[in-house]
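A.B. asks: Output the structure for:
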Amino acid sequence: VWDGKALQLKEQFINEVQDTEAKRQIQVMQQELLEKYGALQLYLEEQHLLLDKILVKNKENHLKQFEYLQQKVEQTVLNKHETTIRKFMTLQNELYPNEGFQERTYNPYQYFNEFGPMLITEMLKQNYSIGNHHY
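C.D. replies: Numbering: from 1, shown residues only. A predicted model of the protein is given here:
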């Protein structure tokens, strides 16, 4: 978590919970529709019906609808797991508030009020390994 892994873990979690089957089915439907448009375009050309502009515009509208559907699936999955994702963000914001170091944002009196006057004594009892990775 200290090495910036909270964001990596959040992204990994989001990737794991995405509905890959829904994505696959949407892609299959999109591919089938494109194939049908190709067949229709060939037929219309054989019949000397010049509807290319309408066909292209209609196909673009359908592709936008598939993209919209895909975004809604992703958004719904994220909303379903919002609590867990929010925990990752809370952790990241606590460790690196405003994407900076805690000591540049937080006042120590906040922690004294929250954890009591023995906070420093308890922290000094802990073993810490301090390296060059702090800054």
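A.B. asks: now the helices: where do they sit in this protein?
C.D. replies: Ranges of helices in the chain, per DSSP state H, are 5-17, 20-46, 52-80, 82-95, 108-115, 119-125.
A.B. asks: Now the longest one: buried residues?
C.D. replies: By neighbour count with 16 or more other CB atoms under 10 Å, helix 52-80 contains the buried residues 59, 62, 73. (C-beta placed from N, C-alpha, C; glycine too.)
A.B. asks: just for the protein, where's the confidence low?
C.D. replies: 1-4, 103-105, 131-135 (pLDDT under 70).
A.B. asks: my guess is residue 55 meets residue 40, correct?
C.D. replies: Yes - in this structure, residue 55 is within contact of residue 40 by CB atoms under 8 Å, at 6.9 Å.
A.B. asks: need the contact list for residue 31.
C.D. replies: Contact criterion CB atoms under 8 Å, 6 or more residues apart in numbering gives no residues in contact with residue 31.
A.B. asks: any idea how far it lies from residue 118?
C.D. replies: Residue 31 sits 64 Å away from residue 118, going by CB to CB, to the nearest Å.
A.B. asks: And the helices of the chain: which comes nearest residue 102?
C.D. replies: The closest approach between residue 102 and any of those, judged by CB to CB, belongs to helix 82-95 at 7.1 Å.
A.B. asks: Who are the packing partners of that closest one?
C.D. replies: Other helices and strands packing on helix 82-95, by 3 or more CB pairs under 8 Å, 6 or more residues apart in numbering; DSSP states H and E, are helix 5-17.
A.B. asks: Buried residues, the helix it packs on. List them.
C.D. replies: Applying 16+ other CB under 10 Å to helix 5-17 flags 6, 10, 14 as buried.
A.B. asks: which one among those residues gets closest to residue 22?
C.D. replies: Comparing these against residue 22 with CB to CB places residue 14 closest, at 14.9 Å.
A.B. asks: thought that closest one was touching residue 74?
C.D. replies: No - look at residue 14 against residue 74 with CB under 8 Å: they stay out of range, at 9.0 Å.
A.B. asks: coming back round to it: distance to residue 107 for the buried residues of helix 52-80 - can I get that in CSV?
C.D. replies: Compiled in CSV, the buried residues of helix 52-80 are given as follows (distance: CB to CB, whole Å):
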residue, distance to residue 107
59, 59
62, 56
73, 43
